[in-house]
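*Asks:* sequence below, structure please.
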Amino acid sequence: MIRQMYDVVIPTFKPDGKLNRLIEGLKCQRNQPNRIILLNTESNVSVRGIEEKYDVEIYTIKKDEFDHGGTRDFGMRLSQAPYVLLMTQDAVPTDEILSEELLKPFVDTAVAVSFARQLPIEDTDIIERYTRLFNYPDKSRIKSMSDIDELGIKTFFCSNVCAMYNREIYIKNNGFVRKTIFNEDMIYAGKVIRVGYKVAYQAEAKVIHAHNYSGREQLKRNFDMAVSQVDYPEAFAGIKAESEGVKLVRRTANYLFRNHKYKEIVVLIYKSGCKYLGYLLGTKYKRLPRWLVRRITMNQAFWRSKLGDS
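*Replies:* Purely as a prediction, here's the structure:
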């Protein structure tokens with residue numbers, strides 16, 4: 001068993017009961033965290049009861065100051081531990097070995113981050129279930145620049161839903177970008193891989209996490225993803241993302257066909273079209289009128305800051 005000191009940082013906004021289950025899961029780890037830090041965005045929902053019940057630290061972030069990269073960077077710098085586990089409030093550990101499994105890859109001193117496998121929740125639809133299997137297979141892998149030809153953009157794939165960071169490497173490489181709409185985890189992974197570090201996918205570290213996004217929500221999510229790639233081209237230079245999306249659609253369609261889920265193939269076509277349209281619009285966002293950008297983003301606060309609007 002690997003015992004290393006680590007802290008946990010969790011951005012929160014109007015959390016529900018999953019946050020309680022997450023913290024309870026962390027408290028039950030065989031290798032328990034040194035500190036649990038919540039970065040709570042101002043809302044009408046209080047987390048003070050959580051602070052008293054679980055002995056966690058809470059720092060308040062103003063709603064207009066929240067940023068996917070900047071807020072997490074703030075949390076990383078609150079820690080002095082050699083490793084920091086970043087999680088989202090809706091990810092729940094499946095067992096008591098999550099942290100030790102995430103720490104295992106760091107025996108290779110070139111590993112900068114280790115991220116967990118995400119498993120679907122009980123009511124996840126069949127398309128999202130297959131997507132989880134596609135993005136989070138049951139086999140671990142350590143990725144580096146040598147994998148670019150085989151994996152393409154998936155070389156940089158990493159998720160802050162549940163990811164353990166070597167804090168020394170993080171600080172040395174100036175951490176997350178401070179102003180991004182989305183994708184701070186992949187931008188960081190791309191940056192460190194390009195300078196010789198590695199990213200570990202640890203399949204034995206598992207959390208329950210999935211979303212049943214509608215077509216409209218998929219459009220907005222992929223729009224934001226494309227905006228992040230446009231804003232930070234150095235992280236994705238020379239690598240196309242579209243081919244990975246096409247591969248996912250083809251494999252999902254084959255899976256649905258083999259399982260006689262013919263109606264779901266129609267849903268897949270619709271949602272895939274929404275994803276592609278969102279991504280395409282995101283790559284062209286600088287040419288779009290402001291009103292349209294506001295309609296097709298998930299992150300209104302980001303655009304208020306970026307566009308200077310009230």
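
*Asks:* for Pro82, grab the count of nearby residues.
*Replies:* 16 (other C-beta atoms under 10 Å). Glycine gets a C-beta too; all of them are placed from N, C-alpha and C.

*Asks:* so who does the closest residue to Gly196 other than its chain neighbours touch?
*Replies:* Spatially, and ignoring its direct neighbours in sequence, Gly196 is nearest to Ala110 (6.9 Å; C-beta to C-beta, 6 or more residues apart in numbering). Counting by C-beta atoms under 8 Å, 6 or more residues apart in numbering, Ala110 makes contact with 144, 196-198.

*Asks:* just the buried ones from these?
*Replies:* Buried residues within the contacts of Ala110, counting neighbours by 16 or more other C-beta atoms under 10 Å: 197-198.

*Asks:* nearest to Val161, of the contacts of Ala110?
*Replies:* Of all the contacts of Ala110, Val161 sits closest to Lys198, with 19.7 Å by C-beta to C-beta.

*Asks:* pretty sure that closest one contacts Thr109?
*Replies:* No: the pair Lys198 / Thr109 is not scored as a contact, 9.6 Å apart, by C-beta atoms under 8 Å.

*Asks:* returning to that earlier point: could I get the contacts of Ala110 in CSV, plus columns for distance to Leu78?
*Replies:* CSV is the format used below for those (distance: C-beta to C-beta, whole Å):
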residue, distance to Leu78
Ser144, 30
Gly196, 28
Tyr197, 23
Lys198, 26
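
*Asks:* of the contacts of Ala110, closest to Ile97?
*Replies:* The closest of the contacts of Ala110 to Ile97 turns out to be Lys198 (C-beta to C-beta; 21.9 Å).

*Asks:* for the closest one, what are its contacts?
*Replies:* 108, 110-112, 142-144.

*Asks:* I'd like to know how far it sits from Tyr54.
*Replies:* With distances taken as C-beta to C-beta, to the nearest Å, Lys198 is found 33 Å from Tyr54.

*Asks:* ranges for the helices of the stretch 201-310 of the chain?
*Replies:* 215-231, 233-236, 242-258, 262-283, 290-295, 300-307 (DSSP state H, counting those that start in this stretch).

*Asks:* tell me the most buried of those?
*Replies:* helix 215-231 (a mean of 21; mean count of other C-beta atoms under 10 Å).

*Asks:* how far is it from where the chain is centred?
*Replies:* 14 Å (C-alpha atoms, centre = their mean, to the nearest Å).

*Asks:* cool, and stretch 109-121?
*Replies:* Averaging C-alpha positions (C-alpha atoms, centre = their mean) puts stretch 109-121 10 Å from its chain's average.

*Asks:* in this structure, which helix or strand is least confident?
*Replies:* Lowest by mean pLDDT, DSSP states H and E among the helices and strands of the chain is helix 48-54, with a mean of 78.

*Asks:* who's in contact with it?
*Replies:* Counting by C-beta under 8 Å, 6+ apart, residues outside helix 48-54 touching it are 15, 19-20, 23-24, 27, 36, 38, 56-58.

*Asks:* that older thread, so can I have CSV of the helices of the stretch 201-310 of the chain showing mean pLDDT?
*Replies:* As requested, the helices of the stretch 201-310 of the chain are exported to CSV (pLDDT from 0 to 100):
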stretch, mean pLDDT
helix 215-231, 94
helix 233-236, 82
helix 242-258, 88
helix 262-283, 95
helix 290-295, 93
helix 300-307, 80
